[in-house]
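Novice: Mind folding the following:
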Amino acid sequence: VGNSSDTYFHEVGATVNSQSAGESGVLMREFMISPMHTFIYEWDESGQSWSNPYYYEIAETGEGFMLTTDNGTTGTIEQDGQIINYDVVLELNQHGDPNTASYGWNLKSNPYSAALDWDAVWTRESSSFADLNSTIYVLNDGNHNYASFNAQTGVGLGMTKDVQVGQGFWVQSAASSWPSANTFTLKPEDRVHSNAAFLKDVTSGILSLSVQGNNSQDLLNIMFRDYGTSSYDRFIDVHKWDSPYEDATEMWTIAEDQSRLSSNVLGPLGNAHMEVPAAFKCSASGEYEISASDIKSFEGSVEIYIEDLLTGGEWHNLIENPVYTFNATPNDPSNRFVIHFFGITGVANPMTEVADIRIWSNGNDAFIVNNSDEVIKEYAVYDMLGREVKRGDMPVSTLNKIHISENSAYYIVKAITKDRVYSEKILITK
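Specialist: The predicted model follows:
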């Protein structure tokens, strides 16, 4: 345990069976870093509260605890005893208030002398325990935020599928009936010894965003899958967990049902334009940075922009420059950003594989993206009978938004340059 203090916490657990503890686990005193200055906390799911166990109490095998000191002591935990190489059955309580975010969440730990493969655990255990949540969380005190891994999608935020030796992690029983208690099992075959980097599934589009500033970092994933939806899906989406640190920098998205998510799996992007809100919160005034990665996982000519609702102005093209820098204060509104995805569309210019001037629609609006050297002089909008319903000049900008109509219908939108006319049939919806 390093740099532990009153604002640095570590989620830990027993890694051996100590003779002094009897048949399972170690005594709480085995976690002591600094005498009289080490504090260990145990989560009570039924009471939705933390408690301080005594040093002579037993930390059972596979249970997780929160550890800190009040004097900033840096130290290493050493536990003597028998290495654990057998099945460990763990109980998941579900007795709290189902209306709270912490309902059914239990703090457990990896008891083995090698990393624990959560993907292997969930794949096996969920076949008989259908309400075992596929997502686990681990507190990363270095980033001041929670990391997570979802075994259903195979994608992590700040961590891989491997839970390290002695690491505490949060896991949930989400049965529809309550109160209840279920069990799941950790097995020696769940151990992994490879140090190779974990390669996540990026066969379809995934945008990974990282926000940094004030010595803190948070992560946000937006994915497009055939099985995704616009609302929260328990086994594929990941709820945003608020950081326990007051100085944390945080970012999340908001699903259609108003769920706050740190990983959101949406339906296929196709040739549509999709807007995804991104909220942001900071605790100190200063400069912050949003970085995008995994952009190359999108096939074809997908366009991705970030819109800053606070500053306004032209949207930032994350394909051309994956880093967006901005200033923020704690008093700024949290609903600050919108991520715009423009899917693959029809080819307006038959001489090129992908047109440099492209047209999309979303809701009541049309969007014209100009990645060419041409200047769009004006635009024109026609209904399906060929009647002109709108015309106007086009500002010199990479992306332009045009309000078309409040009525659901198909329209033809034309972008007119000096030498060419680019056109697209679009659907306007209420």
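Novice: phi, psi of Trp122?
Specialist: With angles defined as degrees, to the nearest 10, Trp122 sits at phi -70, psi -40.
Novice: begin at 727 from here
Specialist: Will do, 727 is the new start, and the previous item becomes Trp848.
Novice: what about the closest residue to it other than its chain neighbours, neighbour count?
Specialist: What sits nearest to Trp848 in space, not counting adjacent residues and going by C-beta to C-beta, 6 or more residues apart in numbering, is Ala877, at 3.9 Å. To be clear about C-beta, it is placed using only N, CA and C from the backbone, and glycine gets the same treatment. Neighbour count of Ala877, defined by other C-beta atoms under 10 Å: 23.
Novice: check contacts around Ala877.
Specialist: Applying C-beta atoms under 8 Å, 6 or more residues apart in numbering to Ala877 gives the contacts 844-845, 847-849, 860-861, 887.
Novice: change it to 7 Å
Specialist: By C-beta atoms under 7 Å, 6 or more residues apart in numbering, Ala877 lies in contact with 844-845, 848-849, 860, 887.
Novice: quick one, what contacts Asp1109?
Specialist: Applying C-beta under 7 Å, 6+ apart, the residues contacting Asp1109 are 1115, 1135, 1137.
Novice: Most neighbours out of the residues you listed, which is it?
Specialist: Tyr1137 (20 neighbours).
Novice: my read: it touches Ala1106, true?
Specialist: No. Look at Tyr1137 against Ala1106 with C-beta atoms under 7 Å: they stay out of range, at 10.3 Å.
Novice: one step back: can you add distance to Gly1069, secondary structure and pLDDT and give the contacts of Ala877 back as CSV?
Specialist: Formatted as CSV, the contacts of Ala877 follow (distance: C-beta to C-beta, whole Å; DSSP: H, G, I helix; E, B strand; the rest coil; pLDDT from 0 to 100):
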residue, distance to Gly1069, secondary structure, pLDDT
Trp844, 32, helix, 97
Asp845, 30, helix, 95
Trp848, 31, helix, 96
Thr849, 32, helix, 94
Ser860, 27, coil, 95
Lys887, 30, coil, 94
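Novice: Could you give me the ChimeraX selection string for whichever of these are buried?
Specialist: Per 16 or more other C-beta atoms under 10 Å, the buried members of these correspond to this ChimeraX selection:
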select :844,845,848,860,887
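Novice: Phe1006: which of the contacts of Ala877 is nearest?
Specialist: Within these, the smallest distance to Phe1006 is 26.8 Å, found for Ser860 (C-beta to C-beta).
Novice: Over to the closest one: give its phi and psi.
Specialist: For Ser860, the backbone dihedrals (degrees, to the nearest 10) come out as phi -80, psi -10.
Novice: Do a quick rundown of the helices in the stretch 827-976 of the chain.
Specialist: Applying DSSP state H, counting those that start in this stretch to the stretch 827-976 of the chain gives helices spanning 844-851.
Novice: What's the separation between Pro1059 and Thr1037?
Specialist: Pro1059 sits 12 Å away from Thr1037, going by C-beta to C-beta, to the nearest Å.
Novice: Same question for Val897.
Specialist: Distance of Val897 to Thr1037, computed by C-beta to C-beta: 41 Å.
Novice: Those two - which one has more neighbours?
Specialist: A count of neighbours by other C-beta under 10 Å puts Val897 above the other of Val897 and Thr1037, at 24 against 9.
Novice: Run through the bridge partners of the more buried one.
Specialist: Using DSSP bridges, the bridge partners assigned to Val897 are Asn832.
Novice: thought it was touching Lys834?
Specialist: Yes. Here Val897 reaches Lys834: they are 5.6 Å apart, a contact under C-beta under 7 Å.
Novice: Identify each buried residue in the least confident helix or strand in the chain by mean pLDDT, please.
Specialist: Counting by mean pLDDT, DSSP states H and E, the chain has its least confident helix or strand at strand 1083-1088, which shows a mean of 84. Across strand 1083-1088, burial judged by 16+ other C-beta under 10 Å covers 1083-1088.
Novice: Show me what that strand is packed up against.
Specialist: When contacts are defined as 3 or more C-beta pairs under 7 Å, 6 or more residues apart in numbering; DSSP states H and E, strand 1083-1088 packs onto strand 999-1007, strand 1091-1096, strand 1135-1142, strand 1147-1154.
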